[in-house]
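**Q** I'd like to go over a predicted model; first the sequence, then the structure.
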Amino acid sequence: MESKNLELAIQLRHELHQHPELSNYEKWTKQYLITFLKNHTKLEVVDKGKWFYAIYRAGEDKQNIAFRADFDALPMAEVINIPHASQFPGVSHKCGHDGHSASLAGFALEIDQKGADKNIFFLFQHAEETGDGAIQCATFIKENNINEIFAYHNLSGMAFNTVNVIDGTAQCASKGMTIHMEGSPAHASQPENGVNPSFAIAKIIEAIPGFVSPEENEGIILCTVIQVNIGERAFGMSASKGELLLTIRALYEEELNRLQKNLEDLAIAQAEKFGIKVSFSYNDEFPETVNHKESSDKIRRVCDAKGLQLVELSEAFRPSEDFGHYLKLTKGAMCYIGNGEDYPHVHTHQYDFRDDIIETAVELFKGLAKL
């Protein structure tokens, strides 16, 4: 990677880090990235509202290959002392999406200056953290006849600057599930005159270990209790309303769907037993991220050709990633570049993206663009 381009990418990363924005509110971030590309490249930029992409055109008869980066931040305070610290209280780039976008922009500089034998699409996506972004951007794949798409995520707990890859499922599917229950109020001295949802909710919680038993499922499956909210802080009233918030997660979407159905069926049965109204709502929905072997193999070939250290992952990651939406529509793969085995993990206060891995990501992407 040209030293000037690397310097520009690092400066860009620091600017993005200083101006973090939460999912679906990344107005400044999106515009700053567009301005950066317009100032430093001749690439065509297509503004899609909350997200955008840039295009290097090699010719109508050439393949269309895409590379994606996310650019939203997290609702976490910046507590470490760094020169480019977040200027926005309570918001910071603690997942490294600033680095992902800076890497993709640096790659765009290289392609713009040196050319390519394919049509290269640089997709800058909003709202990865909530799972909204890729759902909204997925139309990009068919509209542009994308033949293949790649992305990377920085991760700690992996040797520094290693490229980590796996065939098949790379990250689990998950969603937030809320079970709403409503009975009827009564005085605490006469609970029999009302309907209290506490017992129904307790039964659901009690059943969770059986639903996620390894004996009943082929892959990883988890149901995490996030919050139990029943009644009010009033000792003279029997509770009449309650909510149970869960995060359900599975290696295979089929088993995630079965877990969801089991929970819904049990909640409905308990509601009928106690005479309670029940409803369900869902948020932060992520598909399974399933790498195509043909694409994973290209990552392996590039690492071999460029002398990048490759690590074969033995199992999928539990955290979810909305990149899986793209992989349902075209071939592609997600890989991971290591921050270091003892480096602070993403989504922790001590974490900051390591600028050193930008060049590794750019060189990897350049190699993929040539295959």
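**A** Thanks, I have it.
**Q** what is the neighbour count of the residue lying closest to residue 319 once chain neighbours are set aside?
**A** Setting aside the residues directly before and after it, residue 319 is nearest to residue 171 in space (CB to CB, 6 or more residues apart in numbering), at 6.3 Å. Any C-beta I mention is one placed from the backbone N, CA and C, and that applies to glycine too. By other CB atoms under 10 Å, the residues close to residue 171 number 25.
**Q** so residue 171 makes contact with residue 327?
**A** No. Because the distance of 10.4 Å does not satisfy CB atoms under 8 Å, residue 171 is recorded as not touching residue 327.
**Q** hey, what's in contact with both of the two?
**A** Both residue 171 and residue 327 are contacted by 289, 334, under the criterion CB atoms under 8 Å, 6 or more residues apart in numbering.
**Q** mind listing what the residue nearest to residue 319 touches?
**A** Residue 171 neighbours (CB under 8 Å, 6+ apart): 286, 288, 289, 316, 317, 318, 319, 320, 321, 323, 324, 334.
**Q** could I get those as TSV with secondary structure and distance to residue 147?
**A** Output for the contacts of residue 171, formatted as TSV (DSSP: H, G, I helix; E, B strand; the rest coil; distance: CB to CB, whole Å):
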residue	secondary structure	distance to residue 147
286	strand	24
288	coil	22
289	strand	19
316	coil	25
317	strand	26
318	coil	30
319	coil	28
320	coil	25
321	coil	21
323	coil	16
324	helix	18
334	strand	17
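**Q** and of those residues, the nearest to residue 53?
**A** Closest approach between these and residue 53, by CB to CB: residue 323, at 14.9 Å.
**Q** phi, psi for the closest one please.
**A** The phi and psi torsions at residue 323 (degrees, to the nearest 10) take the values phi -60, psi -20.
**Q** wait, isn't it in contact with residue 291?
**A** No. With contact defined as CB under 8 Å, residue 323 does not reach residue 291; the gap is 9.7 Å.
**Q** quickly list what's touching both of these two.
**A** Residues touching both residue 323 and residue 291 (CB under 8 Å, 6+ apart) are residue 334.
**Q** find the nearest non-adjacent residue to residue 19, please.
**A** Here the nearest residue to residue 19 in space, its sequence neighbours aside, is residue 28; by CB to CB, 6+ apart that works out to 5.5 Å.
**Q** whichever strand or helix holds that neighbour: how far from the chain's middle?
**A** Taking DSSP states H and E as the criterion, the element that holds residue 28 is helix 27-40. Between the mean C-alpha location of helix 27-40 and the chain-wide mean there is a distance of 22 Å, by CA atoms, centre = their mean, to the nearest Å.
**Q** now do it: which elements does it pack against?
**A** Using 3 or more CB pairs under 8 Å, 6 or more residues apart in numbering; DSSP states H and E as the contact criterion, the neighbours of helix 27-40 among helices and strands are helix 3-18, strand 44-47, strand 52-56, helix 97-114, strand 119-125.
**Q** again, only using 7 Å
**A** For helix 27-40, the packing partners by 3 or more CB pairs under 7 Å, 6 or more residues apart in numbering; DSSP states H and E come out as helix 3-18, strand 44-47, strand 52-56, helix 97-114.
**Q** pLDDT averaged over that helix, what's the number?
**A** Helix 27-40 shows a mean pLDDT of 98 in the predicted model.
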